[in-house]
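K.L.:
Turn this into a model:
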Amino acid sequence: MTNPDSIPVKLPTADRTHYPALDGLRGVAIILVILYHNFNFIEYFNYGWLGVDLFFVLSGFLITNILLRSLNSTGYFKNFYSRRILRIFPLYYLSLFLFLYLIPAIDPRLLDMHYYLDHQVWFWTYLQNWPLIFRNDVNANALNHYWSLAIEEQYYLVWPLVVLLIKKPKGIIIFCVGMLVLVIAARVYIWNNSENFPAYERAFLFTRIDGILIGSMLAAICYINSSFLRKYFTSFLLILTVANYLFYLLKKNLQPDFPVWAIAGFTTFSFVFALAIYEAVMKENKFINFIFTNPALTFLGKYSYGIYIFHWPITLIIRPYFSNLMQSLIKAPVIWQQIGTGILCTVIAIVISVISYHLFEKHFLNLKKYF
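P.N.:
Predicted coordinates for the structure are as follows:
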């Protein structure tokens, strides 16, 4: 008789097209990012940049699960890269065309794109996180949020080969733990030896890959043995969640360049997100799963890629005009101007993302069935 504890748990597989709980978590991630960019005048919303790390953990978890389950299939590399390209490239390159060429042609005052035009080769090759580390042009920020897309794409490029070479889930766990130690050590070294530490810490692949590694490790642990995860890993993550809240939130050290953030903050919060993913996907906690399958969250999660692409440039375009309009017409207090502008920019980004998904992206997504 087969030992039930040795049976790999049922996770979303490569051929599964819809998983509401993970859509809900994507919804949470994009809400955090929106709060950080559009409503950061409210103190605690400055924590919203952690939404990017939640995206990283989700990516590591899903991609590693897909790769582990397709290791022995034909077309391992072809199918993986084809599906990733069909999901990511069309909207990404369309957005580059819109923001680099079309919008400046309509009115160059809408967005300052001079820096990006001069450095566009980095964006076309998914290396845009690198110039962010070294640049001094602080006035250009319309496409700065694309740094996280570069990190994910660089991960997609190398991780399938790593999984193929290691093969066994236990080996992947050991590899991820070792890499996490090196990542933290690298941040300690850069903190002590570089004046440009915040840029390295936020945008350099090797110093911001914590979430992806932890998500990958979670997928490997789930693949091996669910009882181990239930007994040990979740207990560790629960303790870490409480410790994170007490240390970071109560002390209000909200900025990512705060020294303790710099050394371990990304890592500890990524472990917390891993717990949320486990609880949502495995349905161990019905209440948490109920939250993450909420229709509003799954709706936002479904369109989160487009929202992430469009929300910040739209905010930079709309905010100056709408704020002036509110001030001149209704003379609203500043806080209400900020809230109204943030809501309007968010709604416009969501609408554009929904339109983009159904009129453009979906045609490419339909081709994934061939891989």
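K.L.:
When you work out contacts or count neighbours from here on, use the C-alpha atoms and nothing else.
P.N.:
Fine.
K.L.:
number of nearby residues for W124?
P.N.:
12 (other Cα atoms under 10 Å).
K.L.:
what's the nearest residue to it if we skip its chain neighbours?
P.N.:
Spatial nearest neighbour of W124, chain neighbours left out: Y93 (7.5 Å); criterion: Cα to Cα, 6 or more residues apart in numbering.
K.L.:
could you give the mean pLDDT of stretch 46-60?
P.N.:
Across stretch 46-60, pLDDT averages out at 92.
K.L.:
Mind listing residues that contact that stretch?
P.N.:
Identification of contacts with stretch 46-60 by Cα atoms under 8 Å, 6 or more residues apart in numbering yields 22, 26, 28-37, 40, 148, 152, 209, 211-217, 219, 254-255, 266, 270, 273-274, 277.
K.L.:
Can you get me a residue count around M326?
P.N.:
18.
K.L.:
Now it: phi and psi?
P.N.:
Main-chain dihedrals, M326, degrees, to the nearest 10: phi -60, psi -40.
K.L.:
tell me the contacts of it?
P.N.:
M326 makes contacts with 332, 337, as judged by Cα under 8 Å, 6+ apart.
K.L.:
Would you mind stating the distance between it and K167?
P.N.:
59 Å (Cα to Cα, to the nearest Å).
K.L.:
To which secondary structure element type does the residue most central in space within the chain belong?
P.N.:
With distances taken as Cα atoms, centre = their mean, F55 lies nearest the centre of the chain, 2.6 Å away. Taken by DSSP: H, G, I helix; E, B strand; the rest coil, the conformation at F55 corresponds to helix.
K.L.:
measure it to R208 for me?
P.N.:
12 Å.
K.L.:
Equivalent analysis for V242, please.
P.N.:
Counting by Cα to Cα, the gap from V242 to R208 is 23 Å.
K.L.:
Please say which of those two ends up with more neighbours.
P.N.:
In terms of neighbours (other Cα under 10 Å), R208 is the more surrounded of V242 and R208; the figures are 23 against 11.
K.L.:
So what does that one have for phi and psi?
P.N.:
Dihedral angles of R208 (phi, psi; degrees, to the nearest 10) stand at phi -130, psi 30.
K.L.:
ok, it touching E201?
P.N.:
Yes: counting by Cα atoms under 8 Å, R208 does reach E201; the two are 6.4 Å apart.
K.L.:
hang on, the earlier thing: okay, and the residue nearest to W124 sits in which element?
P.N.:
When elements are assigned from DSSP states H and E, Y93 belongs to helix 76-97.
K.L.:
which secondary structure elements does the following helix or strand past that helix contact?
P.N.:
On the C-terminal side of helix 76-97, the nearest following helix or strand under DSSP H and E is helix 103-106. The contact analysis (3 or more Cα pairs under 8 Å, 6 or more residues apart in numbering; DSSP states H and E) places helix 103-106 against no helix or strand.
K.L.:
Could you tell me the average pLDDT over helix 103-106, please?
P.N.:
Averaging pLDDT along helix 103-106 yields 93.
K.L.:
What is the distance between the helix or strand that that helix is followed by and the centre of its chain?
P.N.:
Per DSSP H and E, the first helix or strand lying C-terminal to helix 103-106 is helix 114-118. Helix 114-118 has its C-alpha centroid displaced from the chain centroid by 25 Å (Cα atoms, centre = their mean, to the nearest Å).
K.L.:
So which bits of helix 114-118 are buried?
P.N.:
115-116 (16 or more other Cα atoms under 10 Å).
K.L.:
pLDDT on it, on average?
P.N.:
90.
K.L.:
which residues touch the following helix or strand past it?
P.N.:
Downstream of helix 114-118, the next assigned helix or strand under DSSP H and E is helix 120-124. Helix 120-124 is contacted from outside by 93, 96, 128, 130-131, using Cα under 8 Å, 6+ apart.
K.L.:
what's the neighbour count on F97?
P.N.:
F97: 12 neighbours (other Cα under 10 Å).
K.L.:
returning to what we had before: lowest-confidence member of the contacts of helix 120-124, which is it?
P.N.:
P131 (85).
K.L.:
residues touching it, list them.
P.N.:
So P131 contacts W122 (Cα under 8 Å, 6+ apart).
K.L.:
Quick check: the gap between it and V121.
P.N.:
For P131, the distance to V121 (Cα to Cα) stands at 11 Å.
K.L.:
What count of nearby residues applies to the residue nearest to T293 when sequence neighbours are not counted?
P.N.:
Nearest non-adjacent residue to T293, counting by Cα to Cα, 6+ apart: A21, 4.9 Å away. Look at A21: counted by other Cα under 10 Å, it has 25 neighbours.
K.L.:
now swap in P104 and tell me
P.N.:
P104 has 16 nearby residues by other Cα under 10 Å.
K.L.:
Just among the contacts of helix 120-124, which is most surrounded?
P.N.:
Going by other Cα under 10 Å, Q128 tops the contacts of helix 120-124 with 25 neighbours.
K.L.:
isn't N294 right up against R26?
P.N.:
No: using Cα under 8 Å as the test, N294 is too far from R26 to be in contact (11.8 Å).
K.L.:
Between these two, point out the one with more neighbours.
P.N.:
Each of N294 and R26 has its neighbours counted (other Cα under 10 Å); R26 has more, 27 against 15.
K.L.:
Looks like the more buried one contacts G306 (just checking).
P.N.:
No: the criterion here is Cα under 8 Å, and R26 misses it with G306 at 11.9 Å.
K.L.:
Nice, that's everything, thank you.
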